[in-house]
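Q: could you look at this predicted model? Sequence included:
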Amino acid sequence: NAQGTLRLEIQNASTISQLFGGAFDATTGRGNGTDSWTASSTSKFANITLPAGTYNVHAGSPSLGEFGSQTGVVITAGQTTVVMINAQAGATLVTLSGTTTASGVPVSGVNVWASRIGAPGFFSAQTDANGEYSLKVPDGFSYRVGARSLTYLPTQGDVDVSVSGNTTQLFTLTAAGGTITGQVLTSGASGIANAWVSAMKTSGTTTQTGAPTDADGNYTLNVDAGSAWSVVAEGPCYPRSAAISASAGDTNKNITLTALAGCSAPVPQVSGVTASVGGQVSKGDLTLDIPANS
């Protein structure tokens, strides 16, 4: 049919990184949607092309769920219909922030995450040059919060934080003083490349760490001295293993994985791109344009 435009504006959405909106015919289920937005002050907007008709409009994000909808929105051929939805109508966003330090010195590049307890919602950010992080999270909920680094571990481990208004959570880090090494193997004793090894600390505070395997299936976990861990591994077409016990300083902590019958791991397409000029990667019906200096 003749086309019209839905201009969908999401207010108070400037801090929401993953945002989805769409309009769908309640009878046929047909419509259009987007996850591509243009920023405007504290709002984001998108123009969505639709055949003339009547639609239900929805907007939401993985972190907040659906936070707004309107029914009976009429799209007229050759015209633009504006729908405005407030992202904070269902949840007030506040700031969870703090610093990560080691021996009083700020540590940059640490990934700090917050996972809402008992409901969907996951947020993460890296610390800046001053060791500071800032997360926008829905107010009035409890979160499991942790700090992850390849070379440091949080002394307090992962913590539960009740957020009521803007909230501060500080992390003190300790340099990893030991390692756990080993190899992830097939039942035929061949190393498995690109497997992932995860470890949960079982002594002292609760925290996690992880590392990939190299081309020969070898892995190295950086851990704090004198600590004990529960280690598992998994890989492409290899389901997660049973846990093994390991302690800082252990070597040859090998894990054998059993292949999933009938599973064939996809082979990645590797393409070279020059950072200063960008480039384009195409495969089948997918084209990825990478701007210069992105």
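A: Everything's here; your move. Residues are numbered from 1 along each chain as shown.

Q: where along the stretch 151-294 of the chain do the helices fall?
A: Assigned by DSSP state H, counting those that start in this stretch, the helices in the stretch 151-294 of the chain number zero.

Q: excluding chain neighbours, what is closest to Pro289?
A: No, residue 289 isn't Pro; it's Asp. Excluding its sequence neighbours, the residue lying closest to Asp289 (Cβ to Cβ, 6 or more residues apart in numbering) is Gln280, at 5.3 Å. Just so you know, the C-beta spots here come from the backbone N, C-alpha and C atoms, and that holds for glycine as well.

Q: ok, now how distant is the one you found from Lys136?
A: 33 Å (Cβ to Cβ, to the nearest Å).

Q: before we move on, back to that, residues near the residue nearest to Asp289, how many?
A: Residues near Gln280, counting by other Cβ atoms under 10 Å, number 10.

Q: that one contacts Leu288, doesn't it?
A: Yes - assessed by Cβ atoms under 8 Å, Gln280 is found in contact with Leu288 at 6.9 Å.

Q: show me the contacts for the residue nearest to Asp289.
A: For Gln280, the contact set (Cβ atoms under 8 Å, 6 or more residues apart in numbering) comprises Thr287, Leu288, Asp289, Ile290.

Q: of the residues you listed, just say which sits nearest to Pro266.
A: Within the contacts of Gln280, the smallest distance to Pro266 is 16.4 Å, found for Leu288 (Cβ to Cβ).

Q: tell me the contacts of the closest one?
A: Gln280, Val281, Ser282.

Q: isn't the second one right up against Pro268?
A: No - using Cβ under 8 Å, Val281 is not in contact with Pro268, being 11.4 Å away.

Q: so those two - more neighbours on which side?
A: Per other Cβ under 10 Å, whichever of Val281 and Pro268 has more neighbours is Val281, with 14 against 8.

Q: please tell me how far the more buried one sits from Ala275.
A: Distance of Val281 to Ala275, given as Cβ to Cβ: 14 Å.
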